[in-house]
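# the following block contains a protein sequence and its predicted model.
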Amino acid sequence: GVVAGLGYTDYGGNILLLETIAHPSKGKSSSETKLTGNTGNVLSESARIAEIYAKVILQKYEPDHKDFFSKHNVNIHFPNGAVKKEGPSAGIALVTALVSLATGKPVDSKLGMTGEITLTGKIIGVGGVKTKLLAAQ
């Protein structure tokens, strides 16, 4: 799945595309998820939390796809590698991209999202919303 996240930088808001791909793993113990695209520690933690919560969503709402992550290696990529990406606000976009990848259901390309997600699926309030919305126009 490909999803547009809304970001905030020192130079204003911007749209951050994130891409996901998967390929079959060689066995249950060898499946892994990799994050690429010049990401910082907080964004890496957000990706781990997003994968955990995506598994919960699949288990609960898409049981036909519940084993997707144990059977596939996944790569999450933030293009434009020269630009550092950091912060928790990509959480909901990451969850959405991972569920889209697992189910094969595309995300509307006109949709942009921002928000930190918790392990229980709560979206925490985010900063820079006005700037992020201006970038999305």
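Done, it's in.
# then the lengthiest strand in the chain to PDB, C-alphas only?
Looking across the chain with DSSP state E, the single longest strand is strand 12-24. Only the C-alpha atoms of strand 12-24 are listed here, as PDB (Å, rounded to 0.1, in the frame of the first residue of the first chain):
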ATOM      1  CA  GLY A  12       6.600  24.200   6.900                       C
ATOM      2  CA  GLY A  13       4.300  21.300   6.200                       C
ATOM      3  CA  ASN A  14       4.800  18.700   3.500                       C
ATOM      4  CA  ILE A  15       3.300  15.500   2.200                       C
ATOM      5  CA  LEU A  16       5.300  12.400   2.900                       C
ATOM      6  CA  LEU A  17       4.500   9.400   0.800                       C
ATOM      7  CA  LEU A  18       5.100   6.100   2.300                       C
ATOM      8  CA  GLU A  19       5.300   2.900   0.400                       C
ATOM      9  CA  THR A  20       5.100  -0.700   1.400                       C
ATOM     10  CA  ILE A  21       5.900  -3.900  -0.400                       C
ATOM     11  CA  ALA A  22       6.000  -7.500   0.700                       C
ATOM     12  CA  HIS A  23       7.500 -10.800  -0.500                       C
ATOM     13  CA  PRO A  24       7.100 -14.300   0.900                       C
END
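# for that strand, which positions count as buried?
Neighbour-count burial for strand 12-24, counted by 16 or more other Cβ atoms under 10 Å, picks out 13-14, 16-20, 22. C-betas here are computed from N, CA, C, even on glycine.
# which pair of the residues you listed spans the longest distance?
The span of those, defined through Cβ to Cβ, is set by 13 and 22 at 29.8 Å.
# mind putting the buried residues of strand 12-24 into CSV with pLDDT and distance to residue 98?
Below are these laid out as CSV (pLDDT from 0 to 100; distance: Cβ to Cβ, whole Å):
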residue, pLDDT, distance to residue 98
13, 81, 24
14, 84, 22
16, 88, 16
17, 90, 15
18, 95, 10
19, 97, 11
20, 97, 6
22, 97, 9
